[in-house]
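A.B. asks: just a sequence and a predicted model for now, questions to come.
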Amino acid sequence: MALFSKLFNKLRGGSALTAADWQELETSLIEADLGAALTARVMEAARKVGQSPEESITKILHESLSTRERNIATFADRPTTILVVGVNGTGKTTSTAKLANTLKESGSSVLIAAADTFRAAATEQIQTWGDRLKINVVVGKPNGDPASVAFDGVTRAKSENVNYFIVDTAGRLHTKQGLMDELGKIRRVIEKVSPVDEVLLVVDGTTGQNAIAQARTFLEAVEVTGLILTKLDGSAKGGVALAIESVTGTPIKFIGTGESVGDFAPFDAQSYIEGLISA
Ligand SMILES: Nc1nc2c(ncn2[C@@H]2O[C@H](COP(=O)(O)OP(=O)(O)OP(=O)(O)O)[C@@H](O)[C@H]2O)c(=O)[nH]1
Ligand SMILES: [Mg+2]
């Protein structure tokens, strides 16, 4: 990635930068999906004389990260309940399976609820993952009430005392009030049995600034504890993770880097920034 190494090299060179140089640098940041606001801050810091631009830019990058908790909450005496939400096709179901597998591999017990009852193939998709990964999946009737699947799931999660209960939900747009209300209902129904601890919003990294705008409006409607940024193996640009945290203040908890179950990892913010600035 090394988004900033070129900039730092030029600044270190000592010779005055031409207007064209500055323009080129600015364009490279915008093209990397760093976003207009963050790009402007970085450019301003780069132009400031009398202080080390490298230091001040690195500081800006660190300050742009969310300061909220990145780890998933865990409890000794009850399941951690995680709702996975987001717009259509961002990677919710795949990320649900990947997250479940990550937790299982670390020695925890996991139960999944297939609360996308809209799309005919949705239940089948998560069930196939469950079979493959040997993780139990609670399903409901086709076109049934997703909240009732979630309720059955949390009841079972509690009685079996599993460590993590993960709910895959249907793709929805923040502008569709009925669908957003449904998320509220799923949450309320679960909370009759056990608290909802995490609401993870899945965002497709390849959609760049659109993904950020989308996350922003979604966040206004639903309480979200973290992001899963997917498809970073595709055409996603290096700056999108920083831009999305900076704009939304919400931490990226996991990243998806492919279609396989192993293409998933906790987001390591410090090494991400090191990757942006190192040569
Ligand atoms: N390359 C790549 N593809 C991914 C990643 N995550 C998911 N996908 C693919 O994206 C497509 C959609 O993934 P799903 O998990 O079905 O997305 P969804 O959000 O559940 O979709 P809906 O339930 O229809 O809203 C599938 O083809 C996945 O294999 C990723 O990190 N990288
Ligand atoms: Mg899905």
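C.D. replies: Great, that's in hand. Numbers count the residues shown, from 1 in each chain. Ligands and ions are numbered 1, 2, ... in the order given.

A.B. asks: what residues does the stretch 151-279 of the chain have near ligand 1?
C.D. replies: Residues of the stretch 151-279 of the chain found near ligand 1 (C-beta under 6 Å from any ligand atom) are Gly171, Val202, Thr230, Lys231, Asp233, Gly234, Gly256, Thr257, Gly258, Glu259, Asp263. Using the backbone N, CA and C atoms, a C-beta is placed for each residue, glycine as well.

A.B. asks: need those in JSON lines (columns: secondary structure, pLDDT and neighbour count).
C.D. replies: As requested, these are arranged in JSON lines below (DSSP: H, G, I helix; E, B strand; the rest coil; pLDDT from 0 to 100; neighbours: other C-beta atoms under 10 Å):
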{"residue": "Gly171", "secondary structure": "coil", "pLDDT": "91", "neighbour count": "18"}
{"residue": "Val202", "secondary structure": "strand", "pLDDT": "97", "neighbour count": "26"}
{"residue": "Thr230", "secondary structure": "strand", "pLDDT": "97", "neighbour count": "30"}
{"residue": "Lys231", "secondary structure": "coil", "pLDDT": "96", "neighbour count": "22"}
{"residue": "Asp233", "secondary structure": "coil", "pLDDT": "92", "neighbour count": "14"}
{"residue": "Gly234", "secondary structure": "coil", "pLDDT": "85", "neighbour count": "13"}
{"residue": "Gly256", "secondary structure": "strand", "pLDDT": "97", "neighbour count": "27"}
{"residue": "Thr257", "secondary structure": "coil", "pLDDT": "96", "neighbour count": "18"}
{"residue": "Gly258", "secondary structure": "coil", "pLDDT": "97", "neighbour count": "15"}
{"residue": "Glu259", "secondary structure": "coil", "pLDDT": "97", "neighbour count": "12"}
{"residue": "Asp263", "secondary structure": "coil", "pLDDT": "97", "neighbour count": "16"}
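
A.B. asks: for these, which one is nearest Gln51?
C.D. replies: Nearest to Gln51 among those is Thr257, at 36.4 Å by C-beta to C-beta.

A.B. asks: isn't the closest one right next to Leu229, touching?
C.D. replies: No: counting by C-beta atoms under 8 Å, Thr257 does not reach Leu229; the two are 9.6 Å apart.

A.B. asks: if we can go back for a sec, quick one: which of the residues of the stretch 151-279 of the chain next to ligand 1 is nearest to Leu179?
C.D. replies: Gly171 (8.8 Å).

A.B. asks: so how far is Ala122 from that closest one?
C.D. replies: 9 Å (C-beta to C-beta, to the nearest Å).

A.B. asks: need the overlap of contacts for the two.
C.D. replies: By C-beta atoms under 8 Å, 6 or more residues apart in numbering, Gly171 and Ala122 have these common neighbours: Asp116.

A.B. asks: surely Gly140 meets Ala122?
C.D. replies: No: with contact defined as C-beta under 8 Å, Gly140 does not reach Ala122; the gap is 10.9 Å.

A.B. asks: for the closest residue to Asp204 other than its chain neighbours, which residues are in contact?
C.D. replies: Using C-beta to C-beta, 6 or more residues apart in numbering and skipping residues adjacent in sequence, the residue nearest Asp204 is Thr90, 4.5 Å away. Thr90 is in contact with Gly171, Val202, Val203, Asp204, Thr230, counting by C-beta under 8 Å, 6+ apart.
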